[in-house]
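[1] Could you look at this predicted model? Sequence included:
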Amino acid sequence: MLLKLRSAFVLAFVLFFCAGCSKGIEVEETARINFRVAAVTAEPMSFQFSLNGNIDRLLTPSISNLIVPVTVPYRDSITIPVKIEQLPLQRAVANINFKPEAGKKVTHLLTVFQAKAGNVPFLVLPDSVSLPGLGYTKLQFTYSDEAWPERIKVRLYTSASSAVSDSCMIHKYQFSNWATVVYKRLVDVYYDVTDVSTDEILVSRRFAPLTFNSMSEDYNIYQLAKSGETVSFTALY
């Protein structure tokens, strides 16, 4: 008799649980999104980042980047509140709702950037440019290197072809136009740099550390700097 009562209780519990499921009672799934918050500035500065309520501080140049995991509801339409202030001024640098990129393989990068001393820092975001076609990605560059002239040209090549894939012109302290390159596994990117005014080759053709795994499939923004006989690429977005 006791065994029958226990069996009846278990059956009643299962039926109640299933009834709840049929009414749409669900436990909302969550997802963890990793951000790298960074500050690239020409002079020492302090910033406070707030991502979905998580607060972190950066002090350049000693602590210029941090990995911040953010847990959010698992939905395609999710946006994450991002607030950035410059300290101790409490000056607003950014106050946006950031939409994580669909299918992004790498950590989302948010960078506060100051091209030269005295400039107002800002959050680097892509402008309203169209998405690249399937199998391609877009690149944008800036530079502040005093060793380089006022205008340079960067030509991009890939191992998929011997011809120039695309090129962009850059004014010092400004951002270039967008360039498009092949975005596929096992396809390497190369570059060279010339002086726009004289056509002098400043850096001959070199391998670029822009790989399928490190780049995003839509937009990528870098700060360039001369490093011996080559160029360093600092990711800003």
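    Sure, I can see it. Numbers count the residues shown, from 1 in each chain.

[2] Just want the phi and psi numbers for E150.
    E150 adopts backbone torsions of phi -70, psi -30, taken as degrees, to the nearest 10.

[3] Can you report how many residues lie near the nearest residue to it once chain neighbours are set aside?
    Leaving aside its sequence neighbours, E150 sits nearest to K172 (CB to CB, 6 or more residues apart in numbering; 5.3 Å). (Glycine included, C-beta is placed from N, CA and C.) Using other CB atoms under 10 Å, K172 is surrounded by 16 other residues.

[4] And I96, by the same measure?
    By other CB under 10 Å, 14 other residues sit near I96.

[5] Which strand or helix spans the spatially closest residue to it that is not a sequence neighbour?
    In space, I96 comes closest to V82 once its chain neighbours are excluded; the distance is 5.3 Å by CB to CB, 6+ apart. Here V82 is covered by strand 80-87, with elements defined by DSSP states H and E.

[6] and that strand, what other elements does it pack with?
    Applying 3 or more CB pairs under 8 Å, 6 or more residues apart in numbering; DSSP states H and E, one finds that strand 80-87 contacts strand 46-51, strand 91-98.

[7] What residues of that strand count as buried?
    80, 82-86 (16 or more other CB atoms under 10 Å).

[8] Mind checking what helix or strand follows the helix or strand of the chain with the lowest mean pLDDT in sequence?
    In the chain, no helix or strand scores lower on mean pLDDT, DSSP states H and E than helix 2-22, which sits at a mean of 40. Remark: after helix 2-22, the chain's next helix or strand is strand 30-40, criterion DSSP H and E.

[9] Mind listing residues that contact that next one?
    Residues outside strand 30-40 that contact it (CB atoms under 8 Å, 6 or more residues apart in numbering): 45, 47, 49, 51, 56, 58, 60, 64-74, 78, 80, 100, 107-114, 121, 223, 234, 236.

[10] For the nearest residue to S46 once chain neighbours are set aside, give me its contacts.
    Among residues not flanking S46 along the chain, L87 sits closest, at 4.3 Å (CB to CB, 6+ apart). Each residue near L87 by CB under 8 Å, 6+ apart is listed here: 46-48, 57.
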